[in-house]
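> quick one, structure for this:
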Amino acid sequence: MTRRSWRTVVGVLLTAVMLFPVYWMINVSLTPADRMRKSPPDFLPTAPTFEGYARVLNEQLPYFATSLVVASGTVVLTLVLSAPAAYSLAKLRPRGRRPLLFALLVAQMIPGIIMALGFYGVYVSLGITNTLWGLIFADSTIAVPFAVLILTAFMAAVPDDLVQAARIDGAGALRTFWSIVLPVSRNGIVTAALFAFLWAWSDFVFAATLDSGGSLKPLTLGIYRYIGNNNQEWNAIMATAVVASVPATILLVLAQRFVASGITAGAVRD
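Predicted coordinates for the structure are as follows:
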């Protein structure tokens, strides 16, 4: 075999290994409950059932809607806060710019559980546990620093001549940001929005800590409906996981070319 053929074989094998958990999730979601503990397990759904998916559609839609609202709200709040901040750091260059960027980088290293415990104490004092906007704000604290770093790198690549031309034409800082820099930074904005959505959509730590036993549970907590002390309904659990992965998969497919450009912004300078 040629070197290229070996690379293809290795690539296919590695892809199969990485995708096997996804396949197994789908396989288990279609496996009847009475065959769940069979040994050896069925590597193909010989008697497929859609009972798990029926239960998801009947029982998980409120949790699905909560996750969708929280993730969408997190995207909006993240972009509203991070885009102007990134523009200021990239083009207005305020004093203390470098220490601030370093602080944002350090903020990415703080464990989520530490932040969740801090939020819990504040939220209990204010009486705002188990609220949608409280969870949106908490999720945004993870997404905003990353979004600022991504957008700063992208906006820094916007030619200064373009900004100067807008100023010569009489545009102020706000008009330049809204009409010039923001449209040119579309790829970076899509990247930041996508990662913010995925973080909020898959969040468990903030949701579990700030829930306080209320009714507004996202999908990551709704899945615990099928987990008991002595019994786990694996086909319903995996069916929920499959359904939960659909929006993320669709967004990744639609935004992949924007993400590929956005995550490499600022990596190479002319």
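
> the helices in the protein, which residues?
Assigned by DSSP state H, the chain shows helices spanning 3-29, 51-59, 61-87, 97-107, 112-126, 132-156, 160-168, 173-176, 182-184, 186-201, 205-210, 219-222, 234-262.

> and Ala143, how many residues sit next to it?
25 (other CB atoms under 10 Å). Using the backbone N, CA and C atoms, a C-beta is placed for each residue, glycine as well.

> so how far is Pro247 from it?
17 Å (CB to CB, to the nearest Å).

> hmm, back to that, would you reformat the helices of the chain as a markdown table and include distance to Arg37 and mean pLDDT?
Output for the helices of the chain, formatted as a markdown table (distance: least, CB to CB, whole Å; pLDDT from 0 to 100):
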| stretch | distance to Arg37 | mean pLDDT |
| --- | --- | --- |
| helix 3-29 | 11 | 89 |
| helix 51-59 | 16 | 90 |
| helix 61-87 | 27 | 94 |
| helix 97-107 | 45 | 87 |
| helix 112-126 | 33 | 90 |
| helix 132-156 | 36 | 91 |
| helix 160-168 | 64 | 84 |
| helix 173-176 | 63 | 84 |
| helix 182-184 | 55 | 87 |
| helix 186-201 | 31 | 91 |
| helix 205-210 | 28 | 90 |
| helix 219-222 | 24 | 89 |
| helix 234-262 | 9 | 84 |
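
> just send those helices back as a markdown table, with distance to Met36 too.
Shown next, in a markdown table, are these (distance: least, CB to CB, whole Å):
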| stretch | distance to Met36 |
| --- | --- |
| helix 3-29 | 8 |
| helix 51-59 | 11 |
| helix 61-87 | 23 |
| helix 97-107 | 43 |
| helix 112-126 | 32 |
| helix 132-156 | 33 |
| helix 160-168 | 60 |
| helix 173-176 | 59 |
| helix 182-184 | 51 |
| helix 186-201 | 27 |
| helix 205-210 | 26 |
| helix 219-222 | 21 |
| helix 234-262 | 5 |
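
> hang on, isn't Ala171 packed against Ser179?
Yes. Look at Ala171 against Ser179 with CB atoms under 8 Å: they come within range, at 6.8 Å.

> neighbour count: these two, which is higher?
Of the pair Ala171 and Ser179, Ala171 is the one with more neighbours under other CB under 10 Å, namely 16 against 12.

> contacting residues around the more buried one?
179-180 (CB atoms under 8 Å, 6 or more residues apart in numbering).

> next, give phi and psi for it.
phi -80, psi 130 (degrees, to the nearest 10).

> look up how far Leu162 lies from it.
From Ala171 to Leu162 the distance is 11 Å (CB to CB).

> what is in contact with those two at once?
Ile180.

> tell me how many other residues crowd the residue lying closest to Leu194 once chain neighbours are set aside.
Leaving aside its chain neighbours, Leu194 sits nearest to Ala255 (5.1 Å; criterion: CB to CB, 6 or more residues apart in numbering). Other residues lying near Ala255 total 17 when counted by other CB under 10 Å.

> quick one, which of the helices of the chain is nearest to Gly228?
Gly228 lies closest to helix 234-262 among the helices of the chain, at 11.2 Å (CB to CB).

> quick one: buried residues of the closest one?
234-245, 247, 251, 255, 258-259, 262 (16 or more other CB atoms under 10 Å).

> and what of stretch 78-87?
Using 16+ other CB under 10 Å as the test for burial, stretch 78-87 gives 78-79, 82-87.

> now it - C-alpha only, CSV.
Taking C-alpha atoms only, stretch 78-87 is exported to CSV below (Å, rounded to 0.1, in the frame of the first residue of the first chain):
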residue,chain,number,x,y,z
THR,A,78,-22.9,37.2,25.2
LEU,A,79,-22.8,39.0,21.9
VAL,A,80,-24.3,42.2,23.4
LEU,A,81,-21.5,42.3,26.0
SER,A,82,-18.5,40.8,24.1
ALA,A,83,-18.8,42.6,20.7
PRO,A,84,-18.4,46.2,22.0
ALA,A,85,-15.8,45.1,24.5
ALA,A,86,-13.8,43.4,21.7
TYR,A,87,-14.1,46.4,19.4
